[in-house]
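1. Can you look at this prediction? I've put the sequence above it.
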Amino acid sequence: MARLLIPMSMITFLLMGYDKMQAKNDGQRIPERVLFVLGILGGAIGGLLGMQVFRHKTRHGSFWLIFGAAAVVHLLLLVFFTK
């Protein structure tokens, strides 16, 4: 399980930073649904960290809700499958 969560979190974290940079430079953005899907598929913790580190999407309640709920589920699955 951790073999999935760690790389997905790193990818989501990096994409949050990239999207923030693109937002500042009026560049091509990453669609929100892509960030949501990555978060749900294992990158929620990286997404939450990216929100804080890059100060990106912090005013979007939907990101807090989706990433927060997914992170709880991921952590519960991690605990369940490592016993």
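-> Sure thing, it's come through. Numbers count the residues shown, from 1 in each chain.
2. now the helices for this structure?
-> For the chain, applying DSSP state H gives helices covering 2-24, 32-38, 44-54, 61-81.
3. quick one, which of these is packed in tightest?
-> With neighbours taken as mean count of other Cβ atoms under 10 Å, these reach their highest mean count in helix 44-54, at a mean of 21. Backbone N, C-alpha and C define where each C-beta goes, glycine included.
4. Nearest residue to the middle of the chain?
-> In the chain, the residue lying closest to the centroid (Cα atoms, centre = their mean) is residue 47, at 2.1 Å.
5. Tell me the spacing between that one and residue 13.
-> 7 Å (Cβ to Cβ, to the nearest Å).
6. re the thing from before, touching, the residue nearest to the centre of the chain and residue 12? I think so.
-> Yes - Residue 47 is within contact range of residue 12, at 4.5 Å (criterion: Cβ atoms under 8 Å).
7. what is in contact with these two at once?
-> Counting by Cβ atoms under 8 Å, 6 or more residues apart in numbering, the shared contacts of residue 47 and residue 12 are 35, 38-39.
8. Distance to residue 67 for those residues - can I get that in TSV?
-> Listed next are these as TSV, based on distance: Cβ to Cβ, whole Å:
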residue	distance to residue 67
35	9
38	10
39	5
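9. Output these as a markdown table; include the columns distance to residue 56 and pLDDT.
-> Output for the shared contacts of residue 47 and residue 12, formatted as a markdown table (distance: Cβ to Cβ, whole Å; pLDDT from 0 to 100):
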| residue | distance to residue 56 | pLDDT |
| --- | --- | --- |
| 35 | 10 | 97 |
| 38 | 14 | 97 |
| 39 | 13 | 97 |
